[in-house]
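Q: Just the structure for this:
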Amino acid sequence: MLLILLVLLILCFRTKAYYSPDLLGRIHQINQAGPYLGLVIPNKFEMNPLLDSPVFMADEDSPYIDISGRRFRIGTVMNHRVIAVMTGLGMINAGVTTQVLLGFFSVYGVIHFGTAGNANSGLHFGDVTIPRQWAHTGLWMWQKYGDGENDELPMEETGDYTRDIGYLNFANYSAPVGKHIDNLLNNLWFQPDEIFPVNGTPEAREHVFWIPVSQSYYELAQKIENVKLDSCVNSTCLSHEPRIVRVERGCSANIYVDNAAYRSFLHDEFNVTSFDMESAGVAMICQTEGMPFIAMRALVFEPTAEGSQEENKSGIFIEVATKNSVTAISQFINLLPSPRVQTFNLYADHVTDI
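A: Now for the predicted structure:
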């Protein structure tokens, strides 16, 4: 106990009082009641259905704590102690929030959930997807005009850039469809991210494009695929019954995709089903920290042409999608075993196994 308090005081001085002794003391007190399952949510309209749901019970003594502009809400879901936090829009917000969560709190696993776009014609609005792998598809090497797929990229020889993942050729997406017209924008080559795992050699980068979720979490998720989901808002209902389905791949980038051609490209090139702006950021931090992770995203678009009636469902049925994602994660949490082994981490008594 004395050692932990000493470390907290040292951190206070090292961080130039950004984190006061009172705040660090509260964090320690919260961790004493842990460990927790981390629930990471992109924004309020995706988080509020959880907070308003009877499955979430806020902690009576410490319902929340604010750190670095984030509010970490403490409570229980299905008798599991949880800390829920909103990230804000985009990859950077998602990564920063997840790092703060794992750095300060005793967490044994992370569940990320919300809504997503849909690139898979076999799935529909309101379906909850659980990808086995996530990729960040917003890191590119933009090739100069005149070079092609057989031309080496700058710094490819040194391992900085690669042609192994895939590329987008702008000339293939000219109108009218099927008419190939050369394009000065040329090619975008998708690149892997650099990560520095907590158990690796400092400053020794590792390249990763597809980040797997926890295998045990993914296998457990099979047991919720038959859970019944909502399909109606008042008396207005979808034309199909939404379902929970495990899929192969999802992707994220700091891009709001409202373009049918690019959705088709993501599916055809990478076998992507759901796409969003945060999941891969959460996945990357969890991969770096060795933290079990899974993401569940409810689809809010149909993979149809721009301007169709199917596209416009999002305004009517977004409530269905957000509730369905909460249903999926709560039923998943209900199946999780109780956490086990704890080991001391710099900021918290950090759980390393479940």
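
Q: could you pull out the strands for the stretch 51-200 of the chain?
A: Applying DSSP state E, counting those that start in this stretch to the stretch 51-200 of the chain gives strands spanning 56-58, 64-67, 70-77, 80-86, 107-118, 128-136, 140-142, 167-169, 187-190, 193-195.

Q: Distance to residue 253, mean pLDDT and mean neighbour count for those - can I get that in CSV?
A: Heads up, the C-betas are built off the backbone N, CA and C, glycines and all. Putting the strands of the stretch 51-200 of the chain into CSV (distance: least, Cβ to Cβ, whole Å; pLDDT from 0 to 100; neighbours: other Cβ atoms under 10 Å) gives the following:
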stretch, distance to residue 253, mean pLDDT, mean neighbour count
strand 56-58, 30, 97, 15
strand 64-67, 27, 97, 16
strand 70-77, 22, 97, 20
strand 80-86, 20, 98, 22
strand 107-118, 11, 97, 26
strand 128-136, 6, 98, 25
strand 140-142, 9, 98, 15
strand 167-169, 12, 97, 17
strand 187-190, 10, 98, 20
strand 193-195, 11, 95, 16
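
Q: Would you check that residue 155 makes contact with residue 191?
A: No: contact between residue 155 and residue 191 fails when scored by Cβ atoms under 8 Å: they sit 10.8 Å apart.

Q: Compare those two (neighbour count), which wins?
A: residue 191 (21 against 11; other Cβ atoms under 10 Å).

Q: thought that one was touching residue 142?
A: No: contact criterion Cβ under 8 Å: residue 191 and residue 142 do not qualify, at 10.3 Å.

Q: and residue 229, that one's in a strand?
A: No: Residue 229 is assigned coil when assessed by DSSP: H, G, I helix; E, B strand; the rest coil, not a strand.

Q: From residue 139, how far off is it?
A: Look at residue 229 and residue 139: by Cβ to Cβ, to the nearest Å, they are 34 Å apart.

Q: which one of those two has more residues nearby?
A: Each of residue 229 and residue 139 has its neighbours counted (other Cβ under 10 Å); residue 229 has more, 21 against 17.

Q: Not counting its neighbours along the chain, what's nearest residue 328?
A: Excluding the flanking residues, the one nearest residue 328 by Cβ to Cβ, 6 or more residues apart in numbering is residue 128, at 4.4 Å.

Q: Wait, that neighbour touches residue 225, no?
A: No: assessed by Cβ under 8 Å, residue 128 is found out of contact with residue 225, at 9.4 Å.

Q: Find the residues that touch each one of the two.
A: Residues touching both residue 128 and residue 225 (Cβ atoms under 8 Å, 6 or more residues apart in numbering) are 243-245.

Q: Give me the most central residue, the chain.
A: Closest residue to the average C-alpha location of the chain: residue 279 at 1.9 Å, with Cα atoms, centre = their mean.

Q: what's the span of stretch 71-91, first residue to last?
A: Terminal residues of stretch 71-91 are spaced 18 Å apart (Cα to Cα, to the nearest Å).

Q: In this protein, where is pLDDT below threshold?
A: Flagging of the chain using pLDDT under 70 yields the residue ranges 1-18, 303-314, 340-354.

Q: Let's see that with 80 instead.
A: Counting by pLDDT under 80, the chain shows low-confidence ranges at 1-18, 177-180, 301-315, 339-354.

Q: So the nearest residue to residue 143 once chain neighbours are set aside versus residue 161, what's the distance?
A: Nearest non-adjacent residue to residue 143, counting by Cβ to Cβ, 6+ apart: residue 187, 4.3 Å away. Distance of residue 187 to residue 161, computed by Cβ to Cβ: 12 Å.

Q: same check, this time on residue 283
A: Where residue 161 is concerned, residue 283 sits at a distance of 22 Å (Cβ to Cβ).

Q: So for these two, which residue has more residues nearby?
A: residue 283 (31 against 19).

Q: Find the helix or strand that the more buried one is a member of.
A: Taking DSSP states H and E as the criterion, residue 283 maps to helix 279-289.

Q: Measure how the very next helix or strand once past that helix sits relative to strand 128-136, angle-wise.
A: Counting by DSSP H and E, the next helix or strand C-terminal to helix 279-289 is strand 293-299. Strand 293-299 and strand 128-136 are oriented at 120 degrees to each other (axes from the mean of the first three to the mean of the last three Cα atoms, to 10 degrees).
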